[in-house]
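Visitor: sharing a model prediction with you, sequence too.
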Amino acid sequence: EDQVTQSPEALRLQEGESSSLNCSYTVSGLRGLFWYRQDPGKGPEFLFTLYSAGEEKEKERLKATLTKKESFLHITAPKPEDSATYLCAVQSGGYQKVTFGTGTKLQVIP
Amino acid sequence: ETGVTQSPTHLIKTRGQQVTLRCSSQSGHNTVSWYQQALGQGPQFIFQYYREEENGRGNFPPRFSGLQFPNYSSELNVNALELDDSALYLCASSLGPEAANVLTFGAGSRLTVL
């Protein structure tokens, strides 16, 4: 069974203080690893898809990387509007099921 | 382009009752997936509908059932509600089961079971 573990559970940063979120995964045949952002009271919002080890994707202050066992979401010089819960998810085998981690709750303080 | 809309946004039921949640998929999307998100947890896959048929199911009992209509909208039905069914129920649509990697989520329906 696919498993996704995210760390830390919560992270508090000062504005401008760069950091990384970790996502460790166990799957049989990775078809894709995804990062989503979820704001309070809203559904998750898609950020990135990574397909193979060594792949990197960037969007504004966010950069996602992938190895054979884990993924990192690097946040460079974060702003308060980056505060949210970041969810990691994997898809393997059958296309229909995406397995999510429990998320990292990020708070960026001005 | 209309996003995914869900209704109702909030509802309260008592144990043993039945509930129906509704979802309209994003324009152009023909596949709908349902997820349950308990407080402080990540979303858990319930099932997916494609071409009006169930196309995969997670570890949820048969009292969780669904429908998809010709316009691709969908319903999630839960019978014999239990306290543990209290959660945010998320609907997500995608271009197809083969492209299910990019899910567009609605804002969810918050169900409280008393």
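Guide: Cool, the structure landed.

Visitor: report the beta-bridge partner residues of A:Trp35.
Guide: A:Phe48, A:Cys88 (DSSP bridges).

Visitor: tally of neighbours for it?
Guide: The number of residues packed near A:Trp35 is 24, by other CB atoms under 10 Å in any protein chain shown. Backbone N, C-alpha and C define where each C-beta goes, glycine included.

Visitor: against chain B, how distant is it?
Guide: Per CB to the nearest CB, to the nearest Å, A:Trp35 is found 12 Å from chain B.

Visitor: for chain B, give me the ranges with low pLDDT.
Guide: Scanning chain B for pLDDT under 70 picks out B:1, B:99-101.

Visitor: for A:Ser52, which non-adjacent residue is spatially closest?
Guide: A:Leu66 (7.0 Å; CB to CB, 6 or more residues apart in numbering or on different chains).

Visitor: cool, and B:Gly28?
Guide: Setting aside the residues directly before and after it, B:Gly28 is nearest to B:Leu95 in space (CB to CB, 6+ apart), at 7.0 Å.

Visitor: does the one you found really touch B:Val32, like I thought?
Guide: No. Judged on CB atoms under 8 Å, B:Leu95 makes no contact with B:Val32 at a distance of 11.6 Å.

Visitor: residues in contact with the residue nearest to the spatial centre of chain B?
Guide: Centroid-nearest residue in chain B, with CA atoms, centre = their mean: B:Trp34, separated by 3.1 Å. If you count contacts by CB atoms under 8 Å, 6 or more residues apart in numbering or on different chains, B:Trp34 has them with B:Cys23, B:Phe45, B:Ile46, B:Phe47, B:Gln48, B:Gly66, B:Ser74, B:Leu76, B:Tyr89, B:Leu90, B:Cys91, B:Ala92.

Visitor: at 10 Å instead, please
Guide: Counting by CB atoms under 10 Å, 6 or more residues apart in numbering or on different chains, B:Trp34 makes contact with B:21, B:23, B:43-49, B:57-58, B:60, B:64, B:66, B:74-76, B:89-92.

Visitor: nearest residue to B:Glu54 in space, please, no chain neighbours.
Guide: B:Glu54's closest residue in space is B:Phe47 (CB to CB, 6+ apart), at 5.5 Å.

Visitor: bridged to that neighbour, which residues?
Guide: Counting by DSSP bridges, the residues bridging with B:Phe47 are B:Trp34, B:Arg57.
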